[in-house]
Every structure is written in C-alpha cells, then in structure tokens.
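1. Got a sequence here, can you model it:
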Amino acid sequence: MHDAHRLGGPTGPEPAPPSRIAVTIIIPTYCPGDAIHRVFDSLDALTLPVERTEVIFVDDGSPDDTAARLDSYAKMRPNTRVLRCENSGWPSRPRNIAIEAARGQYVVFMDHDDSLYPDGLRRAYEVAVEHSADIVSPKESRTNSAWFGMKGMYDGNIANLRERHGIARLDPLIPHKLYRRALLLEHGIRFPEGRRVLWEDSTFNVRAYRHSSVVSVLADTPFYLWHASDQNATNTFDPARGDYWDRLEELFDDILTALSPTEFDEDRLVLISHTLQYWVIQRLTLLLVRAEPASAEEERIAFARARILLDQHGTAEVWSRLRRKHQAAAHVMRQGSIDQLRALALVHHAVRATATASDAHWRDGRLIVDTTTTWHSTGPSVAGLRERDGRLVLDVGPELTRLIPPELLDLSDQLEHIRTNLGLRDRVQHVTWALPFSSQPPTIDRSSPNGVQVVQRGRGVIDIETAACGHPAADSVWDLRLQADLYGIERAVAVEYHAGRLPAVVGSRPAIVYRNKRQALSLDLAQRLRTLAVDAVPAVGQMGPISGFSTRLTALAATSVPARIPAMLIAVPADSDEPTSAIDAQEQVEKWATTCPFTAEVVVDDRGTRLEGCGQLPSGDYRLYARRRNGLNRTRYALTVNPAGGAQLFTV
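-> Below is the predicted model:
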C-alpha cells in the first residue's frame, strides 16, 4: 500500500468516508496541457452525487504546471485528491498507485484528455449494483470514428455476458469501464508497468475477466468519449518498431496464460484469432502501403516477426475464425514475399463501397430509409472484383493468382455473409446508435464501366422516440452512417442523399431530413441547422392581420396532434444592414426583438398544419431570418405589412 505522504500527499479537504463512495475515478496525467480542462468540465457535470464519487489524479512527474493545475482544481472539491510519483513513462504505474489508494466500491480509469458523458457514471453504477457486477462495460464513443466501440453494443444491455456472449462483447479491451475494486485487490490484478508497455489495457481486462463472475454491458447510456488527437493517436502502435512485436508476443502469452482453463477455451480462441487478424496480419499489411513508407529493413523485420507469430498461433481452429481476406494475406505471408503481400494489400484497398439513400419518407412517425450499397473497384484497369467462369472472384493479378489457393479469392460464397449496419451519429456528442436494418440478397451488376459491382439493397428504420437503444434520440443534428464488411474488407461511409428536404413533426419535436454539405443524409432534431417553418414551405399570399397571422404549411409530415413548435423566425426591416458576425447578429436580434416584436410557431392540430403567430410591426417590408445556433440565416421569405395591419408572405 502506498501511503499518501510518500506519494506527495492529497490536496483539498479530507475525502468522504469510504462507505459512502460508490466510484473512484482514476486519472493518470502527464503534461496534458489545456486538454485537462475538458476532464475538469466533464467531472463537474456528472449526475452521480459528488458525495458518492472520488476523483484521484496521479501525476506521472510532469515537468510543467500540471501539478499546479490539479491542485487548483482539487482545492475546492472535497472528493478530489492529487497524488504524485516519479516519472514512469506510461500510465500503468499511476493507475496501480491509485487502485491501492482508492476508497470507492468500484474504480474507473480515465485518460487525461478525454471526457465522461454526464449521466453515464450514475447509470453504470446503477447497473453494477443491480447485477452485483464485477465489471460493467459501458458505451464508449470516439470523436473521429462513428463505429468505435459498437461491436459490444449490438445486443443492447447485457446482465452477464459470461453466461452466453463471452469476451467478444467486452470489446474494446480498454479500461474505461467499472471494476469492482475488491476483485482487483483479491486477485492482484494490476497494469503491467514499464515504459511503452503496449496492450497493458488488454492484459488488465483479460485478467479481470478471468476472475469475474458477472460482467455486465451498459449499451443504452453514453459513458465515455475518447477525444482523438495527434498526441494520443500517432505512433503508439507502430509495427515498424521492434518493441511492437516484443510486446505483441507478451500479449499472446498473457492471453494463453490467463485463459488456460477449459472453461475459457472459446474466449481464448476469440482473443487469439482477433489479435492475430488485426494486430499481426492487418497491421503488417497497412505498414506496407502507408503514406509514409517504412524502410526496407523495418519492413523485413516486421514481416519476419509477423510470420513467426502466425506460425505459432495460426492453428487450424484459429485459421477457421479468420475472415477470408486475412486468410489470403496469411497465406502470402507464409508462402510469398513482402512485395507480393504489398500487392495484395493494394488490391484490397482498391475495393470500395458507397451507400445511397434511394428513398426516404416518413410513415407513422418513423423515417423509412431505403439504402443501396455498392461494392466496386476504383476503376476498370485496377485489379479487384471480376467474374470468372460464372464466379465472383478477387482479381489479384497473374502472379498472386498462381500463389493463392482459388478458394481464398472466391467471393461468390461470401456474398451471403456480407455484414451491414446502419447507424445514427450525433454530430455534437459523437454518439452512434445502431438502427433496425434489414438487407436483401446481393446482386451482381455487370453494366458499370468500372467493372463488376456487388449491389445490396436494405431498409433502415429511424424511430426518434426509441433510436437511442430504446430511448429518444437527443435534440441534435444526426448523420446517417453505414458500415459494411465483404470478405473481411471493412468500409464505413456516409449515406449519400440526393432528394429534397423532408420536414416533419414527430410527437412535439421538429424532425428535418436534409442533404448536408457532403451530399449525405442528415436529420436535424433541434433546428440547429435547418428551420422547420421554412422547410415545410409556408403558402405565400395573404396571412391575415399581422397581430394574428396564419398560413398553411404545404410540405409538413405531421404525425401527431396537437403540437406547437417555435418557428425560430425573426422579422427584419428590409432596409436594415446585414449582420456581419455572430456577435453582430446577436446584437441585432436583441434590437429587432424590441423594435419589431414578432413571434411565430409551427402548429399541428385537428385543423391541419400551419405557421401562425403575431407581431407588432409597423407597415412596411420585412425580410425573414432564421435563428440558428451560430447566428442568423436569411431565408427565401419576406413579408409586407400594409397600413391597415394586413400581412402578406412572398418569396424573394
């Protein structure tokens, strides 16, 4: 046990008694810079009561002002302590120190530049208590990856994955989970220490899983947001480095040692297969085609080290679990050369997928989206998808065709195994929710000038009241994303959309489907970027008196009554200057709200859908602006108020 005095001592008031602390949040730090304020802000926003939480920062000998920042934060927060240790060069030792110093029933590990979603910790602890869980694996998101962490979430909340699902649903094996501290202490579960340990998170999770009885999955509440950056996503796992392969050998040994009993046979095969497929085969092929090439010597060493691991762990049971793409690459690793493996990787890279919303419409309060996913080669002269003797094959050129067994290049029997997922991605909070999606059998299109294409149609359903794993989707802007896997070639793409806007009122919420700047389908549930009243196309003409105007909305799909939704419109005298900035716009809004009072709503009731409201506008001409999150946007509508107070709407 490391006493506080030897570690540098706590700062701030004495922490709450151990019996009251539900969760200890452990955060190792080393020169995080201003990103630490993101951590501070998310900690302060947590809904788990402050008296039930403990925060322990362990600074790993930062030479800058990190310690002072931590002390300043902790000074006014009785649940926060700051510990210090000599620089160890890796988060493992600070985490281990905090495990021993913690007082919470559960611990969770957080990186020094990430954030927690406000209600995630409260909900995760609730699940932990409900199921007496040793581990709770919660929903994690990443700022630059729509599908990160989704593999373990597709089955929804799981009371105990040990009973049926196994370790695959613990993915990803990173420590942003709740662990029962007594389990860690009882079995001596710690992070391997040292500089550039690599995969210490996987080793820790495998050992924790090995000794746990109940492992729960929390899929319905966002928990952790990984903020990707140049600092935390560059050369940590670089197969051009020799220590990458040293640590990878240790990871295989850890898996085999921790999961050796018969009861873990399936879990062991899952992890060995995954590690071999992604960290050996796929990382090696990516090394050979990356933009900044490795040296010939680095490639030679990596190829040799990878082949050794393949020979050691590529048993028949493991081989059968590899995707066909990786089996072909593994065969070249065993029988071919570095240049042949590079050529195969370039062929795989040339196979692309695009997704298009061929139709979208509202039905009974749900958005139905018909999609077309097309697999194709990048051009007719590029090796890739071809037909040969009535079979769909991967054309890899004459040399590789002679080397690779034909069954490893045959895609015909792979078509029925295409994996496709459709999801909604929150543009603000970076959360992705999987949607109900059904696929039709794929077909072969021979008419394209770019060669043979594989086409698969499907249908997704967006019910905004249940889209978030049974809960309502947040008031935000959402992007439709599709993930597909053919033959082991994985592609994640936006869903192209070429039709017009589809405004709706669902319940009492605005819901506007539109084509975004990247020509893909988006859904605005907050009127952040679109305006319901404008996109619903109000009828032009006489609106009645400005003191109580009304006009029909001609393009609104209303799914329930009654509803009244702010129209987010501002009436601006036609001779006013255009706002030149967001600050200028805000000042103008305040001025116009006083001098030109104008209120409008989108109304849905048993008399239909309409834009109605009232204003105290002097006679004259007015432009209509939409209030947006970052200012004002001039619409295509204007109105005239005559001397008698009558209003007329027209387009400009």
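2. for the stretch 251-400 of the chain, what spans make up the strands?
-> In the stretch 251-400 of the chain, the strands defined using DSSP state E, counting those that start in this stretch lie at 351-363, 366-377, 385-388, 391-394.
3. want to throw these into TSV with distance to D134, mean pLDDT and mean neighbour count?
-> All C-beta atoms are positioned from the backbone trio N, CA, C, and that covers glycine. Shown next, in TSV, are these (distance: least, Cβ to Cβ, whole Å; pLDDT from 0 to 100; neighbours: other Cβ atoms under 10 Å):
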stretch	distance to D134	mean pLDDT	mean neighbour count
strand 351-363	39	96	18
strand 366-377	39	96	21
strand 385-388	47	90	17
strand 391-394	44	93	20
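4. Tabulate these (TSV), appending distance to E130.
-> Output for these, formatted as TSV (distance: least, Cβ to Cβ, whole Å):
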stretch	distance to E130
strand 351-363	36
strand 366-377	31
strand 385-388	49
strand 391-394	48
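5. okay, and the helix or strand of this structure with the least pLDDT?
-> Lowest by mean pLDDT, DSSP states H and E among the helices and strands of the chain is helix 582-595, with a mean of 73.
6. Off-centre distance for that one?
-> 37 Å (Cα atoms, centre = their mean, to the nearest Å).
7. Tell me how many other residues crowd H326.
-> Number of residues near H326 (other Cβ atoms under 10 Å) recorded here: 24.
8. any idea how far L341 is from it?
-> Separation of H326 from L341 (Cβ to Cβ, to the nearest Å): 12 Å.
9. Low-confidence bits of the stretch 1-150 of the chain, can you list those?
-> The stretch 1-150 of the chain contains residues with pLDDT under 70 at 1-19.
10. quick one: the strands in it?
-> 23-29, 53-59, 80-84, 106-109, 115-116, 135-142.
11. will you turn the ones you listed into TSV that also has mean neighbour count?
-> Shown next, in TSV, are the strands of the stretch 1-150 of the chain (neighbours: other Cβ atoms under 10 Å):
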stretch	mean neighbour count
strand 23-29	26
strand 53-59	26
strand 80-84	24
strand 106-109	25
strand 115-116	22
strand 135-142	25
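12. Kindly reformat those strands as a markdown table containing distance to L170.
-> What follows is those, written out as a markdown table (distance: least, Cβ to Cβ, whole Å):
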| stretch | distance to L170 |
| --- | --- |
| strand 23-29 | 19 |
| strand 53-59 | 24 |
| strand 80-84 | 29 |
| strand 106-109 | 15 |
| strand 115-116 | 19 |
| strand 135-142 | 5 |
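13. Tell me which of those strands sits nearest to A533.
-> Nearest to A533, of all the strands of the stretch 1-150 of the chain, is strand 135-142, at 32.4 Å by Cβ to Cβ.
14. got the contact list for the residue most central in space within the chain?
-> The chain has A146 as the residue nearest its centroid, 3.6 Å off, counting by Cα atoms, centre = their mean. A146 makes contact with G423, R425, T432, D479, R481, Q483, A492, according to Cβ atoms under 8 Å, 6 or more residues apart in numbering.
15. let's go with 7 Å and repeat that
-> Counting by Cβ atoms under 7 Å, 6 or more residues apart in numbering, A146 touches G423, R425, T432, R481, A492.
16. Look up how far R307 lies from the nearest residue to T554 once chain neighbours are set aside.
-> Residue nearest to T554 in three dimensions, not counting chain neighbours: V537, with 4.6 Å by Cβ to Cβ, 6 or more residues apart in numbering. From V537 across to R307, the span is 64 Å (Cβ to Cβ).
17. try E86
-> For E86 relative to R307 (Cβ to Cβ), the value is 40 Å.
18. Look at those two and report which has more neighbours.
-> The neighbour comparison of E86 against R307 (other Cβ under 10 Å) goes to R307, with 16 against 8.
19. ok, how many other residues are close to the nearest residue to the more buried one once chain neighbours are set aside?
-> Leaving out its chain neighbours, the residue that sits closest to R307 by Cβ to Cβ, 6+ apart is M333, at 5.3 Å. Neighbour count of M333, defined by other Cβ under 10 Å: 25.
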